[in-house]
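**Student:** Have a look at this prediction, sequence included:
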Amino acid sequence: MLSKPNTIVGNLQSSKHMEDIVVVGGGPSGSFTALNLAKMGAKVTVFEEHEKIGLPSHCAGHISIRSLKNLGLYPLPESILENTFSQANFFSPKGFKFSIQLRKPVTCSLNRAAFDKLIAEKAEAAGASYHLKSRVQSLIVKNNIVKGVTVKQSGGTEKSVPAKIVVDAEGISSRLLRQAGLSPFNRSSLVYAVEAEVEGVKDMEPNAVDVYMGKTFAPGFYAWLIPRLDGTAKVGLATKSGNPKESLTWLMSNHPAATKKLGRAKITQLSFHSISLCGTISKAFSSGFIAVGDAASQIKPTTGGGVILGLTCSRIAAQIIHEALEKNDVSSDFLQLYQQRCSETLGFDLKVMLRIRHFLDSLSDDRVERVLRFCAKFGLSETLENVDEIDFQGQTILKLLTKPSAFVALAYFMLLYLSVNP
């Protein structure tokens, strides 16, 4: 079982035995690919370098309820679901607060380690084979076709594992992506994040997520406070420059709104990770190879959330791989259908989110103040109260533009953007 590290045994030791699919990485995208493939009858082997699925955790786990339902992953066990939210508070660097009140809970926070393990257990129950403490060292490439992987176990033994298709779900490192001859995301788009577990937070609104904007505290991104029902919270911050831990400490001690809640809070755990905000890479496939999740930069440029986009593309990847196996065609010409279907599903929304990211990056702290005050003055909270889709943001904006206040707001934001980006 997943609670105990597996080792490569039996016929995997023989280079003559070929797996249908090797998945590199047991995170949500890797495991969801494995789950969908196993359900379709494919023989899937997942290699995870860590001792336990889901650890170390690098994500706040703030997820759309609607998207989880659409993926067949909601409702969730109480051990995974930490809280649900129907309100979002946006704070300017000077402490001005604009709140969006929704009519029902739209997002939830998850125990990410437990969530990752849940998907992996579903995949294992469907027939996928998991091997923990097993680091994929390299791809096996012959005549420009990926033919499998070499794997190093905890004892130091290195094995060759042939496969018809390799799925790269290793995360943001892009190590295997380069070996497959593909170009990774633009490194200049990275922001560097710190995630903290905290206790002793004062005056939290249990149904509300807080967002702290502005370059003074989080240049290039924002900070967040996500309450748990047990009184603890997740606090995080990402920044384009500087040390994210120092920026978080500065926020907790000096932000006029955040310090009221976090000034005496105690950090009990810290983790660090990088986030790509450039949108998906232009090509996430080659002959015998497909990349999913963070490896393919399937991440929202606006919020940095990658779980739902990664899961969505993983399900597409599984379908294309299933078709490739049925046709006995793992060529790049066939696997390009993966990129095509992902673009059809996400392309418009990602273009809109990239525009929003550029707009947010262009705002000085004074302009952040003006934008939030404008939103409050024109009653945008009432306009947004029925929103229940936060992942496909382009489609959400199109629906909102039928409302006069949203149309006026968009016109105002465009003028503001053009004033600094002529």
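**Tutor:** Looks like it arrived, so ask away.
**Student:** which ones are touching Phe289?
**Tutor:** 139, 146, 165-168, 180, 182, 335 (CB atoms under 8 Å, 6 or more residues apart in numbering). C-beta coordinates here come from the backbone N, C-alpha and C atoms, glycine included.
**Student:** Run through the helices of the chain in chain order.
**Tutor:** Taking DSSP state H, the helices of the chain run over residues 28-39, 65-70, 112-126, 175-179, 244-254, 258-262, 307-327, 332-362, 365-377, 380-383, 393-400, 404-420.
**Student:** Deepest in the core, which of the ones you listed is it.
**Tutor:** Highest mean neighbour count among those (mean count of other CB atoms under 10 Å): helix 28-39, with a mean of 28.
**Student:** packing partners for it?
**Tutor:** Under the contact criterion of 3 or more CB pairs under 8 Å, 6 or more residues apart in numbering; DSSP states H and E, helix 28-39 touches strand 19-24, strand 44-47, helix 112-126, strand 158-168, helix 307-327.
**Student:** chain center to the fourth one: distance?
**Tutor:** In terms of CA atoms, centre = their mean, to the nearest Å, the centre of strand 158-168 is set 25 Å apart from its chain centre.
**Student:** among the helices and strands packed on helix 28-39, which is nearest Val292?
**Tutor:** Evaluated over the helices and strands packed on helix 28-39, closeness to Val292 peaks at helix 307-327, with 4.8 Å, by CB to CB.
**Student:** and the closest one, C-alpha only, in CSV?
**Tutor:** Output of helix 307-327 as CSV, limited to C-alpha atoms (Å, rounded to 0.1, in the frame of the first residue of the first chain):
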residue,chain,number,x,y,z
VAL,A,307,-4.2,21.8,-9.3
ILE,A,308,-7.4,22.1,-11.4
LEU,A,309,-5.7,22.9,-14.7
GLY,A,310,-3.2,20.1,-14.1
LEU,A,311,-6.0,17.6,-13.3
THR,A,312,-8.0,18.8,-16.4
CYS,A,313,-5.1,18.3,-18.7
SER,A,314,-4.2,15.0,-17.0
ARG,A,315,-7.6,13.6,-17.9
ILE,A,316,-7.1,14.7,-21.5
ALA,A,317,-3.6,13.1,-21.5
ALA,A,318,-5.1,9.8,-20.4
GLN,A,319,-7.6,9.8,-23.1
ILE,A,320,-5.1,10.6,-25.8
ILE,A,321,-2.7,8.0,-24.5
HIS,A,322,-5.5,5.4,-24.4
GLU,A,323,-6.2,6.2,-28.1
ALA,A,324,-2.5,6.0,-28.9
LEU,A,325,-2.2,2.6,-27.4
GLU,A,326,-5.3,1.3,-29.2
LYS,A,327,-3.8,2.6,-32.5
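**Student:** pLDDT averaged over it, what's the number?
**Tutor:** What helix 307-327 shows for mean pLDDT is 98.
**Student:** The nearest residue to Ala324 once chain neighbours are set aside and Gly263, how far apart?
**Tutor:** Counting by CB to CB, 6 or more residues apart in numbering, Val330 is the residue found nearest to Ala324 once chain neighbours are left out, at 5.2 Å. Counting by CB to CB, to the nearest Å, the gap from Val330 to Gly263 is 56 Å.
**Student:** higher neighbour count, these two?
**Tutor:** A direct count of neighbours by other CB atoms under 10 Å for Val330 and Gly263 places Val330 higher, at 23 against 14.
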